[in-house]
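Colleague: Here you go, sequence then predicted model.
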Amino acid sequence: MRSALIVGVVGVSLLAGCEPEVTTIDYTTTTETGSMCNLDVYSEGLTVSENFKVIGEISVRDSGFTINCSQELVMSKIRNAACAADADAIQMFNVEPPSLLGSTCFQANARFLEY
């Protein structure tokens, strides 16, 4: 019985670590929900043509046990956070697609921009 309890606790701990690690840097939310909004998205390496101010950053990375980390999910987390911060655009950087030799997760950082 005790070993079943230990296995259950370990299993729940592993499942709790299945989401990617999301770290936000220096921004406050202005809306209660991060509902989707109209954002300009600047891919890594593209220059932003507008005058802008960086109002925050986000990093979505593999936590080591992450299994639910597709490009669609990661970009959704980034977009939702940018919308909650009332950003006009996001500028992607440190983008790492899944690889056989590294992480199987899509990983990325983004800056939240305000025009």
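Modeller: Cool, the structure landed.

Colleague: need the helix or strand of the protein with the lowest average pLDDT.
Modeller: helix 2-16 (a mean of 44; mean pLDDT, DSSP states H and E).

Colleague: Do a quick rundown of the strands in the protein.
Modeller: With strands called from DSSP state E, the chain shows them at 21-25, 40-42, 53-61, 89-96, 107-114.

Colleague: Output these in TSV; the columns should cover mean pLDDT.
Modeller: Shown next, in TSV, are these (pLDDT from 0 to 100):
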stretch	mean pLDDT
strand 21-25	72
strand 40-42	95
strand 53-61	97
strand 89-96	97
strand 107-114	97
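
Colleague: these two touch, right, P98 and V74?
Modeller: No. Under the criterion of C-beta atoms under 8 Å, P98 is not in contact with V74, lying 10.5 Å apart. Using the backbone N, CA and C atoms, a C-beta is placed for each residue, glycine as well.

Colleague: Highest mean neighbour count across the strands of the chain, which stretch is it?
Modeller: Stretch with highest mean neighbour count among the strands of the chain: strand 107-114 (a mean of 22; mean count of other C-beta atoms under 10 Å).

Colleague: Show me what it packs onto, helices and strands only.
Modeller: strand 53-61, helix 71-84, strand 89-96 (3 or more C-beta pairs under 8 Å, 6 or more residues apart in numbering; DSSP states H and E).

Colleague: which residues are in contact with both of P98 and V74?
Modeller: Residues touching both P98 and V74 by C-beta atoms under 8 Å, 6 or more residues apart in numbering: 105-106.
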